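In: Structure, please.
(2 chains)
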Amino acid sequence: SQTIHQWPATLVQPVGSPLSLECTVEGTSNPNLYWYRQAAGRGLQLLFYSVGIGQISSEVPQNLSASRPQDRQFILSSKKLLLSDSGFYLCAWMGRGVKNIQYFGAGTRLSVL
Amino acid sequence: KNEVEQSPQNLTAQEGEFITINCSYSVGISALHWLQQHPGGGIVSLFMLSSGKKKHGRLIATINIQEKHSSLHITASHPRDSAVYICAVGGDNFGNEKLTFGTGTRLTIIP
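Out: Take a look at the predicted model:
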């Protein structure tokens, strides 16, 4: 069966520090991968999506970047965190070629202080 | 860009009550999703539908494509149903399925 792992679950970082959140998927190959952010009191916002290794599309201009070094690995990064980067970050995947349900990771709650 | 609106934003009900959460969107879509987000933040997909009605246990989801409206119903509500329910709509990008999300409805079921 397919599984999605996301870590860490919570993270407290000072302003200006770097960030690396990792998401891995098991049990499927060549998935579409997504990073979402949910700011306090707001809906989920798509940040990045990837349809293959090294292929990243950005939805909104921001302080973050994403990379997909392997088929089932999706990384969200920042060189210098801002206070506004605080939020709940979710990784999700969807099977390719079929309009399918997106499966979400457990999320990472990031607090930038 | 699709605008997704959910109502109500907050809903408190007694255990056993019939619950309805509504979702409206502005642009025609390929599919609509209902998601459940638990207090810890984890999200579970409940339904994906593009027409008609789907039922899973005590949950029923309906969609009216012409009116660009969907409803999520919970029958015989239970405190464990307390969560945030999120509506999300997908565009026409086959195989890519970028979703636009509503801000969610926070449901609290009182024993």
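In: Now the residue nearest in space to the middle of chain A: which helix or strand?
Out: The residue lying closest to the centre of chain A (Cα atoms, centre = their mean) is residue A:35, at 3.0 Å. For residue A:35, the element it lies in under DSSP states H and E is strand A:32-38.
In: And residue B:72, by the same measure?
Out: Using DSSP H and E, residue B:72 falls within strand B:69-74.
In: What helices and strands are in contact with that strand?
Out: strand B:19-25, strand B:31-37, strand B:43-49, strand B:59-64, strand B:83-90 (3 or more Cβ pairs under 8 Å, 6 or more residues apart in numbering or on different chains; DSSP states H and E). Quick note: C-beta positions are derived from backbone N, CA and C, even for glycine.
In: where in chain A is pLDDT low?
Out: A:1-2, A:41, A:96-101 (pLDDT under 70).
In: ok, back up a step: of the helices and strands packed on strand B:69-74, give the one that comes closest to chain A.
Out: Among the helices and strands packed on strand B:69-74, strand B:43-49 comes nearest to chain A, with 4.1 Å by Cβ to the nearest Cβ.
In: which residues in chain A form helices?
Out: In chain A, no helices are defined using DSSP state H.
In: The residue nearest to the centre of chain A touches residue A:65, doesn't it?
Out: No: the pair residue A:35 / residue A:65 is not scored as a contact, 10.1 Å apart, by Cβ atoms under 8 Å.
In: Quick check: neighbours shared by these two?
Out: Counting by Cβ atoms under 8 Å, 6 or more residues apart in numbering or on different chains, the residues touching both residue A:35 and residue A:65 are residue A:76.
In: Give me the contact list for the strand holding residue B:72.
Out: So strand B:69-74 is contacted by B:18-25, B:32, B:34, B:46-47, B:49, B:58-64, B:81, B:85, B:87, B:107 (Cβ under 8 Å, 6+ apart).
In: Can you show me the CA trace of that strand as PDB?
Out: The C-alpha coordinates for strand B:69-74 follow below in PDB (Å, rounded to 0.1, in the frame of the first residue of the first chain):
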ATOM      1  CA  HIS B  69     -22.400  23.900  -5.400                       C
ATOM      2  CA  SER B  70     -21.600  20.900  -3.200                       C
ATOM      3  CA  SER B  71     -22.800  19.800   0.200                       C
ATOM      4  CA  LEU B  72     -21.400  17.500   2.800                       C
ATOM      5  CA  HIS B  73     -23.900  15.900   5.100                       C
ATOM      6  CA  ILE B  74     -23.300  14.000   8.300                       C
END
